[in-house]
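*Asks:* Could you work out the structure for the sequence below:
(chains A and B)
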There are 2 protein chains.
Amino acid sequence: MRRSAKTGVKAALLLALATLAAPALADGLIDNVDGMTLTGDGKLIRFNGLLITTDGKVAKLLNRYDKRPEKPDFRLDAKGKALIPGLIDAHGHVMELGFSALTLDLSDTRSLDEAQARIAAYAAANPARPWILGTGWNQEKWGLGRFPTAADIDAVVADRPVWLARVDGHAGWANSAAMKAAGITAKTASPAGGRIEKTGAAPSGVFVDAARALIDKVVPPPNPRDRDLALVRAQEILLGFGVTGIADMGTTLDDWMTYRRAGDAGRLKIRIISYAHGIDAMQTIAGPEPTPWLYDDRLRMVGVKLYSDGALGSRGAWLKQPYADAANERGLGFLDDVRLRNLMSRAAMDHFQVAVHAIGDAANAQLLDAIDELSETYKGDRRWRIEHAQIADPADIARFGRHGIIASMQPVHQTSDRLMAEARLGPARLSGAYAWASIRKTGAHLAFGSDTPVESANPFPALAVAITREDANGEPMGGWQPLERVSRETALAGFTTEAAYAGFADDRLGSLEPGKRADFLLLDANPLDLPPAKLRAMRVDETWIGGQRVFVRK
Amino acid sequence: MRRSAKTGVKAALLLALATLAAPALADGLIDNVDGMTLTGDGKLIRFNGLLITTDGKVAKLLNRYDKRPEKPDFRLDAKGKALIPGLIDAHGHVMELGFSALTLDLSDTRSLDEAQARIAAYAAANPARPWILGTGWNQEKWGLGRFPTAADIDAVVADRPVWLARVDGHAGWANSAAMKAAGITAKTASPAGGRIEKTGAAPSGVFVDAARALIDKVVPPPNPRDRDLALVRAQEILLGFGVTGIADMGTTLDDWMTYRRAGDAGRLKIRIISYAHGIDAMQTIAGPEPTPWLYDDRLRMVGVKLYSDGALGSRGAWLKQPYADAANERGLGFLDDVRLRNLMSRAAMDHFQVAVHAIGDAANAQLLDAIDELSETYKGDRRWRIEHAQIADPADIARFGRHGIIASMQPVHQTSDRLMAEARLGPARLSGAYAWASIRKTGAHLAFGSDTPVESANPFPALAVAITREDANGEPMGGWQPLERVSRETALAGFTTEAAYAGFADDRLGSLEPGKRADFLLLDANPLDLPPAKLRAMRVDETWIGGQRVFVRK
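*Replies:* Residues are numbered from 1 along each chain as shown, chains lettered A, B, ... in the order given. This next block holds a predicted model:
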């Protein structure tokens, strides 16, 4: 750009340039790096310099003795830092991450006094927020010997409703304004399955289990300004973890409008590969076909997210045989075969990609059957996605290798779920649980994600788990079902090339090859060389998207 | 662009240019024109050549003896044609225009045979359309001596539902498939206020008045592909009439998504100034504030459309005194004062513009009161819009001159409504009816529109009406309430500078001044010089938007 001006390009051309959506009009060189990328076909390339085009794409990977351009518009000497492709989270929930980050967190308070101070400070810092919402309180940790009361909150915030979930999610704590908003009086009866705590005859402020809904139902939905703020926070968190792209698994209309506002205003930095929250949202948002890539490849609705069952912890995962710890339960299939196939068809007929949540082995089998049948009709490059693919019947695993299926799995779920999964499934079914290596061996694509905010959005612990199947404490030593560990390259591919492939974005994202977007991280050390504990603890120094620096660690 | 390449601008810069949303990268000269524009402050400028920047803006207006650039990227010799600013319709319904144009029109059929042939041809030409919808039939004109029947349609279209409104809208004609879809059988009773025509005991296919709803309720809403098609048609019609911008009065979410799909795909040519269909749509679509201008000034949601009353023809307009032809009726105010002000506040507090439909003198008075009060709170440049402002109490007219109010009026309504208005209002109230000149004299802004598809979207008949208050037959000679005629300049301003001002677009649209968008028309003759009959019959030769030709008359 600067050189162009020197060569006398007329003002009108510059004016035209000024209308570019993302004015990344400097070519640049990131030099002296310990650089590494995987390619789409699984090759590992190492390099020493990265040349970036004026429009934020990879121009060339340079080796030590390659000639450097004489006057790039900018040049960064990375002083030997590692440079890797930006990481792509193949399964997350962007807005939920942002909202959870905006909520008052009381989980580390050690006394009611401390909690009260925190509530007061949060209310003061958020004067425009009509309700104060929070989570994480635990009266046991406070040594309180009783539940807290509405009066305890009223003492610090009385002007607006406050509504705080207990650490286990099974109780909520309201102030008087919240109870008033919900119309709760001494006459309000506890609902079935729930209990309104009382002080004498009056409600004390704590609502247990099903009684929580009495307050929940009057909490106002977030307004557009809240949504914009949540996206800002989610983006900050993700960029700070080196996540440059994310598959948003279940984009609602309001989510989408928030992404577009950010894109229209030039505030959207991260790349969002969007899957609509169901068929209606898909049709409303994208219309007759997937949207084009918008905002220089920062947003696209490519498909739809459907659900075939629930989750394992709540015994909602649909199993072929009863739960080991609940002999009469087999979980819940959300959709019968016809309904599932109809929904998948409605997306596939308009060339939307289909991503279906399937946790239990029965749900996975149902989905594999559906893909078998639909692949007859919907030919070509469909990239059917199975989200979680958590518990597979070993007899079904080979079937993941057909029709170009993508298993979209979340490494950290394995360590979080391990003891629970052993209890739910018993020993006989564990060989098909979180079976990353086995599924990949079938020829299926293996994309990795976080399921944020269910788990942390930080992909580095996930990379460590993927190669060890050990948790943060190194348990169990040698790894749980260690045959299902994957190589470092496979783990990294899961968060780069395979995550891009899984979102139909491999033509532009996921690797640092000429012509692809210059999305990359600068790190203190190369993840391929680090022991797992250090890999887990890795902090990103800089995150770059489209040739522009979007995060620098302070 | 070509010259830049010659000067050796590097390939990477060209690549950057290629990513421009609208690659209008040629500067150009439209020469040898009888050119004319009004300016924002009402001056008339005449010119002989129009110089356009590479990004589609007006660079300069040239007089006969001004030096021409030596090598513009393109040059058009207009051979003395008139060149005027693109016309802006200050009040229309873009999607409704498109949908009405896609509907089968039977209004000029002279026999049942002819209607059947037309239905068959339309069905054959629209194989993917699940329902055939149409309008305009009149069995009297056919000399049929009876209502048509379902069997008459079944004979030509039996594979899908067909549902056709009678010319007066008071009856619908269905085929058997439509009746089956609605579950209509011999047992279905006629609803209150409606009648199911019968052949013996069986429903014959015609549904009168309230009975029409029995079929209406099962007509599927348009799908996204239909919507895209409707926008294409609406745009074709508008561009063909020389309309380069339009205020869309009541944009629904589905409308907006259609506009964005067109914008994202580069198919949006016309400029749409959007007013949300109510507060909820406004918040969902635009969020916390008006959107920015999108797609090189082709789309922006700037405000909200509200309704304070109904229409005069159906006696829904809210009058201070009873209808002259219905002594017990005064029409209907849709919102009480508090509710109206609350809705207006909810928009104004977030800096959305407020446009309120007000037809009757009571509705206009209510709205003027509301603007008086809200102007105390919402200061600055608010441009309160009164849509239609059709019947004003003469005592209220002076109040339009306050607070920068915009009267957004539709000239052709005056001629269409004339006899009906005389009947509804009686002679005493006519002096405040369609009172363009009187309202303008107060200092109010006067913007003109069509209310398409209620009236034709063609602005030239509207210009003729504005200066004559005579209809297409020259009736009444000398004009109805001729004191309310306006000058040619005022009429043209209503469709250019004032229409732009009314949509907060006067900083970029509405006149051909340097820096504004090069939106213009080429015409056979200058509208300022033509007798009204010729002005009414004017056909546009070429329509240009942003320096690009978007319509040429064949």
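
*Asks:* so what's the residue in the stretch 251-400 of chain A that chain B sits nearest to closest to, chain neighbours aside?
*Replies:* Residue nearest to chain B within the stretch 251-400 of chain A: residue A:287 (3.3 Å; Cβ to the nearest Cβ). For the C-beta atoms, the positions are set from N, CA and C on the backbone; glycine is no exception. Excluding the flanking residues, the one nearest residue A:287 by Cβ to Cβ, 6 or more residues apart in numbering or on different chains is residue B:224, at 3.3 Å.

*Asks:* Who are the contact partners of the residue of the stretch 251-400 of chain A closest to chain B?
*Replies:* B:224, B:225, B:227, B:228, B:257, B:258, B:261 (Cβ atoms under 8 Å, 6 or more residues apart in numbering or on different chains).

*Asks:* For the lengthiest strand in chain A, which helices and strands make contact with it?
*Replies:* As assigned by DSSP state E, the longest strand anywhere in chain A is strand A:28-38. Secondary-structure packing of strand A:28-38 (3 or more Cβ pairs under 8 Å, 6 or more residues apart in numbering or on different chains; DSSP states H and E): strand A:44-52, strand A:58-62, strand A:74-77, strand A:82-85, helix A:488-494, strand A:520-523.

*Asks:* tell me the mean pLDDT over it?
*Replies:* Across strand A:28-38, the average pLDDT comes to 97.

*Asks:* between that strand and strand A:44-52, how big is the angle?
*Replies:* 160 degrees (axes from the mean of the first three to the mean of the last three Cα atoms, to 10 degrees).

*Asks:* what distance separates strand A:28-38 from the middle of the whole chain?
*Replies:* Here strand A:28-38 is found 27 Å from its chain centre; the criterion is Cα atoms, centre = their mean, to the nearest Å.

*Asks:* Same check on stretch A:457-466?
*Replies:* 12 Å.

*Asks:* what do you get for stretch A:475-494?
*Replies:* That offset, for stretch A:475-494, works out to 21 Å (Cα atoms, centre = their mean).

*Asks:* so for it, what's the average pLDDT?
*Replies:* 97.

*Asks:* ditto for stretch A:434-448
*Replies:* 98.

*Asks:* follow-up on the earlier one: the longest strand of chain A vs strand A:58-62, what angle?
*Replies:* 80 degrees.

*Asks:* and strand A:28-38, which strands flank it?
*Replies:* strand A:44-52 (antiparallel), strand A:74-77 (parallel), strand A:82-85 (parallel) (DSSP bridges).

*Asks:* Just the C-alphas of the last one, formatted as CSV.
*Replies:* Right, strand A:82-85. In CSV, the C-alpha atoms belonging to strand A:82-85 read as follows (Å, rounded to 0.1, in the frame of the first residue of the first chain):
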residue,chain,number,x,y,z
ALA,A,82,7.4,-21.5,17.2
LEU,A,83,4.8,-20.7,14.5
ILE,A,84,1.9,-23.1,14.0
PRO,A,85,-1.4,-22.8,12.1
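
*Asks:* Not counting its own residues, what contacts that strand?
*Replies:* In contact with strand A:82-85 (Cβ under 8 Å, 6+ apart) are residues A:30, A:33-38, A:50, A:492, A:496, A:510-512, A:519-527.

*Asks:* where does that strand sit relative to the chain's centre, distance-wise?
*Replies:* 21 Å.

*Asks:* just the first one next, same as before
*Replies:* In terms of Cα atoms, centre = their mean, the centre of strand A:44-52 is set 28 Å apart from its chain centre.
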